[in-house]
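**Q** the sequence and its predicted three-dimensional model are supplied below.
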Amino acid sequence: MMRRNLCIFAAVLLLAGLLVSCASSKWVSDPYASYPQADYVCAVGKGSTQDEADLAARRELAALFGMSVQSTISRTLVETSVERDGRSSESFSEFFTSNATTTVNVDNLYGVEIAKRTTEKDGRSVSLAVMEKKATADYYLARLKSDKEEIDGLKASIAPNFGKLKAISDSVSIIRKVNDYNTSVVMCNYLTGGEIPFMSLAEFSELYRQAMDAVVVDVVVEGDPSGAVKSAVDKIVTGCGLSVAAGNSEPTAKVAVTVVWRESAGTGVASSFLFADYNADISLVDLADGESIFVRSYKGKEGHQTFESAKARAITDLVGQIEDEFGPAMREVFTY
């Protein structure tokens with residue numbers, strides 16, 4: 001009798017296990033099994049690890065909006081307990097930021113939750129990404145309103161500042177903000193079924209061109225007779241699309257570079273060397289009102305058998321620092 005009862009108990013456990021397995025795997029083939037499509041957007045992703053599956057699920061969900069997400073993602077993970085149908089379960093709420101290639105420029109995708117995770121018989125991990133439509137749509141509608149107000153404010157400031165670097169930087173900010181605005185439009189239209197129009201970039205691209213054409217930059221370098229520093233800064237300025245003052249052109253802005261040198265003798269094993277220490281200051285100034293847009297300082301020290309040779313090596317080092325730091329700083333402000 002006891003043996004029979006054990007067999008029945010084992011059969012019940014096996015059946016229960018099969019039912020749980022079927023229930024837990026149903027969402028793998030039908031992501032909307034637990035989350036009605038009227039209220040949620042769902043996507044399933046698979047990978048050799050749980051992180052890969054999570055990322056694949058987010059990619060699949062993003063693709064529904066016409067977006068693709070690169071694999072380099074900075075994410076915030078928050079584990080919370082969620083009540084569904086009277087039962088408590090673990091939910092993994094994730095908000096992520098990434099560099100993305102999209103139909104519009106994506107800075108982030110709000111409201112994604114990795115709601116379920118499982119492992120298949122072959123060992124591959126599976127994740128279910130879920131986005132609640134109403135809450136996410138409300139978020140992006142609020143972003144649309146905020147972005148529109150910021151764009152209107154920036155637009156009003158550009159024309160009065162033609163000839164100033166501020167007009168260029170504001171134009172860049174507008175274009176980036178318009179990309180954000182259009183991202184929110186994509187999200188809202190998909191989630192609500194609405195037809196909010198996109199904001200055209202053509203008008204703001206023309207404002208950017210006009211702002212660029214109105215600026216001429218004078219590059220002035222003191223403390224480098226070789227001309228290497230000026231040549232490097234000229235290339236950075238023109239690489240941003242700005243004009244460098246030449247001939248009779250009247251500059252509206254200036255990059256001023258001052259390099260101060262100090263000669264010193266080596267000691268110990270380096271006693272036969274002379275060293276060239278430098279301190280370099282670079283400032284970008286709007287000549288219309290004398291406003292400094294940004295200032296950078298660099299320093300270094302190189303040694304060689306003669307001071308002039310050490311100085312030549314130090315110039316090469318300084319140019320490298322300028323190209324690696326000042327160049328990206330200029331591009332961040334004046335290009336998009």
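**A** Good, I have the coordinates.
**Q** helices or strands up against the helix or strand where residue 184 lies?
**A** Taking DSSP states H and E as the criterion, residue 184 maps to helix 165-192. On a contact count with 3 or more C-beta pairs under 8 Å, 6 or more residues apart in numbering; DSSP states H and E, helix 165-192 meets helix 133-158, helix 202-213, strand 274-286, strand 291-304, helix 327-334. No exception for glycine: its C-beta is placed from N, CA and C like everyone else's.
**Q** which residues belonging to it are considered buried?
**A** Neighbour-count burial for helix 165-192 flags 165-175, 177-192 (criterion: 16 or more other C-beta atoms under 10 Å).
**Q** can you check what angle separates it from helix 202-213?
**A** Calculated by axes from the mean of the first three to the mean of the last three C-alpha atoms, to 10 degrees, helix 165-192 forms an angle of 160 degrees with helix 202-213.
**Q** distance from helix 165-192 to the middle of the chain?
**A** From the chain centre to the centre of helix 165-192 is a distance of 14 Å (C-alpha atoms, centre = their mean, to the nearest Å).
**Q** what does stretch 218-231 give?
**A** 33 Å.
**Q** then stretch 112-124?
**A** 28 Å.
**Q** and if you look at stretch 141-159?
**A** On the basis of C-alpha atoms, centre = their mean, stretch 141-159 sits 20 Å off its chain's mean C-alpha point.
**Q** can you pull the buried residues of it?
**A** Using 16+ other C-beta under 10 Å as the test for burial, stretch 141-159 gives 141, 143, 144, 147, 151, 154, 158.
**Q** mean confidence for that stretch?
**A** Per-residue pLDDT over stretch 141-159 has a mean of 93.
**Q** same deal with stretch 40-54?
**A** Averaging pLDDT along stretch 40-54 yields 92.
**Q** endpoints of it, how far apart?
**A** The straight-line separation of the ends of stretch 40-54 (C-alpha to C-alpha, to the nearest Å) is 18 Å.
**Q** and for stretch 39-54?
**A** Stretch 39-54 has its terminal residues 21 Å apart, counting by C-alpha to C-alpha.
**Q** quick one: low-confidence ranges for the protein?
**A** 1-25, 67-108 (pLDDT under 70).
**Q** before we move on, back to that, out of the buried residues of stretch 141-159, the closest to residue 48 would be?
**A** Within those, the smallest distance to residue 48 is 35.5 Å, found for residue 143 (C-beta to C-beta).
**Q** and the spatially closest residue to the closest one that is not a sequence neighbour, how close does it get to residue 136?
**A** Spatial nearest neighbour of residue 143, excluding adjacent residues (C-beta to C-beta, 6 or more residues apart in numbering): residue 184 at 4.6 Å. Using C-beta to C-beta, to the nearest Å, residue 184 is found at 10 Å from residue 136.
**Q** same check on residue 281?
**A** Distance from residue 281 to residue 136, by C-beta to C-beta: 48 Å.
**Q** and if you look at residue 172?
**A** To residue 136, residue 172 is 28 Å away according to C-beta to C-beta.
**Q** ok, residue 264 - contacts?
**A** Applying C-beta atoms under 8 Å, 6 or more residues apart in numbering to residue 264 gives the contacts 274, 275, 277.
**Q** make sure residue 260 is indeed in a strand.
**A** Yes - assigned with DSSP: H, G, I helix; E, B strand; the rest coil, residue 260 falls within a strand.
**Q** I'd say it and residue 223 touch.
**A** Yes - counting by C-beta atoms under 8 Å, residue 223 is a contact partner of residue 260 at 6.2 Å.
**Q** and the two? Which one has more around it.
**A** Taking other C-beta atoms under 10 Å, residue 260 and residue 223 do not tie; residue 223 has more neighbours (16 against 12).
**Q** what is in contact with residue 260 and residue 223 at once?
**A** Residues touching both residue 260 and residue 223 by C-beta under 8 Å, 6+ apart: 278, 280.
**Q** would you confirm that residue 109 contacts residue 58?
**A** Yes - contact between residue 109 and residue 58 holds when scored by C-beta under 8 Å: they sit 7.4 Å apart.
**Q** per the record, what domains does this structure have?
**A** 25-133, 136-199, 215-334 (automatic domain parsing).
**Q** distance of residue 55 relative to residue 129?
**A** From residue 55 across to residue 129, the span is 10 Å (C-beta to C-beta).
**Q** likewise for residue 275?
**A** Residue 275 sits 58 Å away from residue 129 when distances are taken as C-beta to C-beta.
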